[in-house]
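**Q** got a sequence here, can you model it:
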Amino acid sequence: MKKLLTLLSTICFAATVVAGEYPDISIKELKSAIADKKAVVIDVNGSESWQKGHIPTAVDFGANRDKLASVLPADKNALVVAYCGGPQCNAYTAAAKAAEKLGYTNVKHLSAGISGWAQAGEKMEKGN
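**A** Take a look at the predicted model:
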């Protein structure tokens, strides 16, 4: 019985670590942060996808990967939100880890991704 409980605890802990590497932010919370100009949003879906439609104010990670520090705010406590395609996509971690490596401490994940944003009927921007 002890072995079974230990195994289950280990599995639950591992799943939590993988699933919760970065805290999730809801669409409602992100909309509010964007409206208040209190978030930098990073789209990790690729430049072609970003051109077709992205969350308003979102930075194209593909085009800015090498100069990410120049598009992020000086305040290392600023909210940085990374997203990709949707709940099953993990590509967002590339941008989240890059921001974290630059010293940002308030990095979150919009797990709904661009698909959830669109399904919620939220406004999107096209690339310039």
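**Q** which stretches of this protein form strands?
**A** For the chain, the strands defined by DSSP state E cover 39-43, 59-60, 79-83, 106-109.
**Q** in JSON lines, list those strands along with mean neighbour count.
**A** From N, CA and C alone the C-beta is placed, and that goes for glycine too. As requested, the strands of the chain are exported to JSON lines (neighbours: other C-beta atoms under 10 Å):
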{"stretch": "strand 39-43", "mean neighbour count": "26"}
{"stretch": "strand 59-60", "mean neighbour count": "20"}
{"stretch": "strand 79-83", "mean neighbour count": "27"}
{"stretch": "strand 106-109", "mean neighbour count": "20"}
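**Q** and of these, who's closest to residue 124?
**A** Relative to residue 124, the nearest member of the strands of the chain by C-beta to C-beta is strand 39-43, separated by 10.6 Å.
**Q** related to what we said a few turns ago, nearest to residue 127, out of the strands of the chain?
**A** Residue 127 lies closest to strand 59-60 among the strands of the chain, at 7.2 Å (C-beta to C-beta).
**Q** any idea how far the residue most central in space within the chain lies from residue 121?
**A** The chain has residue 82 as the residue nearest its centroid, 2.0 Å off, counting by C-alpha atoms, centre = their mean. Separation of residue 82 from residue 121 (C-beta to C-beta, to the nearest Å): 22 Å.
**Q** ditto for residue 31
**A** Taking C-beta to C-beta, one finds residue 31 at 11 Å from residue 121.
**Q** these two - which one has more neighbours?
**A** A direct count of neighbours by other C-beta atoms under 10 Å for residue 31 and residue 121 places residue 31 higher, at 17 against 6.
**Q** what's the nearest residue to the more buried one if we skip its chain neighbours?
**A** residue 122 (6.9 Å; C-beta to C-beta, 6 or more residues apart in numbering).
**Q** so the one you found makes contact with residue 28?
**A** No: the criterion here is C-beta atoms under 8 Å, and residue 122 misses it with residue 28 at 9.8 Å.
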